[in-house]
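1. Sequence plus the predicted model coming up.
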Amino acid sequence: MIRYFFFSLSFLGLSLHSYTQELRATVVVNSLLTEQTNSRIFQELEARVSNFLNTQRFSDQTVLIQEKVHCNFVFIIEDFRNNQFSGTLQVQSFRPIYGAGYSSPVFSNLDQDIQFEFQNQVPLRYSADNYTSELMAILSFYSHLILAYDLDTFSATGGQFHLRQARYIQRLARSQGQNGWFPQPSKRNRYQLIQELDTQVGQEFRAKALYQYHRNVLDQLVDNPNRGLNQLFDIILDFEDIFKINSRLMLFQLLIDAKNQEIYQILSRGNIPIPESVVESLNRIFPSYSQLWNNL
C-alpha cells in the first residue's frame, strides 16, 4: 500500500509480516446511562464489535502491522430495551507523522443518532453488497470513511474506493428508513457527511485538508519545519476560498474539532512570523476557536 512507502524507513525495526485487516480498533461500550444492573449484554456487544473491526477485511489490499489504522469507537448507550440500543457513537482515527513519534487525529465525529438491534446469539454478518443489519451498516460505513480519510492523507484522493463503499452503504441503509442515513433539517448526520465528501467542494477539501496538510505540512515539520509552516499558511488561506463557497460545511467543523490544538501548536511554535491574513482567515473560518487564534 502507498501509505507504507512513506514510512518504511521509520519502521525498519518492526516485523514485516503481512496482514489483511486494515484497522487497529479500540472499542468502548459505556452503559452507565441505562442504569442496567446486568452488564453482560454490553460486554458482549463491546467484544463482538471489537472482534469484527479488528478482523474484518474491507478491501483486497494486503497491509503490514504498522500500516493498520489506529481508531476508536466509543458507544454511549442511553437506552436499552428488548435488544434495542440507542445512544451516541464517537469515532476517531489517527495517522503517524513522519519522523515525529506523534500520531495526528485525522477523522473525528460524534454521531448522535445511533439506533440498532443486537442479540448475543445472532452473529454479526458483514456483506459488502447487502444491508444485513443497522449495526453492521454503521460499523462498515465508519470503517470505510476512516480508511478513505487515511489513504487521502498519503495520496491525493487515494481513498476513493472506500469513499464509494461508504456512499453505497449509506444508500442501502437509507432504504431501511433508519435515522442518520437521509437528510434531516438542522442536523449533522451520516448522510450530510458523505454527501459533502461526494461533491466538488469535498474533492477540494480532501486535497487541501487531508493530502496537502498531512504530506506537505505535518510530514515536513521534522526535516524542513519552515517549509511546512509556509505550506500551512497557504493552506489556511485556501481554506477560506472553500469556506466562501459553503460556510456551513460539516467537513470544516469536523476538521477543526479534531485539529484546532494541533494547528495552534504548529503556528505558535514556528520560527516564521505568522501573517496577519492567516490569523484573520482562521477567525473567519473557525470563529468558535478565536480565543486560540488571537493568542498567536
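-> Received it, and whenever you're ready, just let me know what you need. Since the model is a prediction, treat every value here as computed from it, not as a measurement.
2. okay, CA-based contacts and neighbour counts for the rest of this
-> Noted.
3. Sketch out the strands for this structure, chain order is fine.
-> Assigned strands in the chain, in chain order: 18-19, 23-30, 63-64, 69-81, 84-97, 102-117 (criterion: DSSP state E).
4. nearest to Asn260, of those strands?
-> Of all the strands of the chain, strand 102-117 sits nearest to Asn260, with 10.3 Å by Cα to Cα.
5. Tell me the pLDDT of the closest residue to Leu249 other than its chain neighbours.
-> Leaving aside its chain neighbours, Leu249 sits nearest to Glu196 (7.4 Å; criterion: Cα to Cα, 6 or more residues apart in numbering). Looking at Glu196, its pLDDT is 95.
6. State the distance from the closest residue to Phe243 other than its chain neighbours to Glu196.
-> Counting by Cα to Cα, 6+ apart, the nearest residue to Phe243 once its immediate chain neighbours are dropped is Ile285, at 6.6 Å. Distance, Ile285 to Glu196, using Cα to Cα, to the nearest Å: 17 Å.
7. For those two, work out which one has more neighbours and name it.
-> Ile285 (23 against 16; other Cα atoms under 10 Å).
8. and the gap between the more buried one and Leu32?
-> Distance of Ile285 to Leu32, computed by Cα to Cα: 37 Å.
9. ditto for Val106
-> Distance, Val106 to Leu32, using Cα to Cα: 29 Å.
10. Who has more neighbours out of the two?
-> Taking other Cα under 10 Å, Val106 and Leu32 do not tie; Val106 has more neighbours (22 against 13).
11. The more buried one touches Asp150, doesn't it?
-> Yes. Using Cα atoms under 8 Å, Val106 is in contact with Asp150, at 7.2 Å.
12. which neighbours do these two share?
-> Arg95 (Cα atoms under 8 Å, 6 or more residues apart in numbering).
13. hmm, back to that, show me the contacts for the residue nearest to Leu249.
-> Each residue near Glu196 by Cα under 8 Å, 6+ apart is listed here: 202, 249-251.
14. wait, which of those is closest to Asn189?
-> Nearest to Asn189, judged by Cα to Cα, of the contacts of Glu196 is Met250 at 9.0 Å.
15. Now for the closest one: which residues touch it?
-> 188, 192-193, 196.
16. and stretch 240-259, what's its mean pLDDT?
-> For stretch 240-259, mean pLDDT is 88.
17. ditto for stretch 115-131
-> Rounded mean pLDDT across stretch 115-131 is 93.
18. what about this protein, any weak spots by pLDDT?
-> Where the chain drops to pLDDT under 70, the residues are 1-20.
19. How much space separates the one residue sitting closest to the centre of it from Ser281?
-> Residue closest to the mean C-alpha point of the chain, counted by Cα atoms, centre = their mean, is Phe107 at 2.3 Å. Here Phe107 is placed at a distance of 22 Å from Ser281 (Cα to Cα).
20. For the protein, just list every one of the helices.
-> Applying DSSP state H to the chain gives helices spanning 2-7, 40-55, 134-152, 160-174, 190-197, 200-205, 225-245, 250-269, 276-285, 290-293.
21. With distance to Gly101 added, can I get these in JSON lines?
-> Listed next are the helices of the chain as JSON lines, based on distance: least, Cα to Cα, whole Å:
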{"stretch": "helix 2-7", "distance to Gly101": "12"}
{"stretch": "helix 40-55", "distance to Gly101": "23"}
{"stretch": "helix 134-152", "distance to Gly101": "17"}
{"stretch": "helix 160-174", "distance to Gly101": "27"}
{"stretch": "helix 190-197", "distance to Gly101": "30"}
{"stretch": "helix 200-205", "distance to Gly101": "26"}
{"stretch": "helix 225-245", "distance to Gly101": "15"}
{"stretch": "helix 250-269", "distance to Gly101": "14"}
{"stretch": "helix 276-285", "distance to Gly101": "27"}
{"stretch": "helix 290-293", "distance to Gly101": "25"}
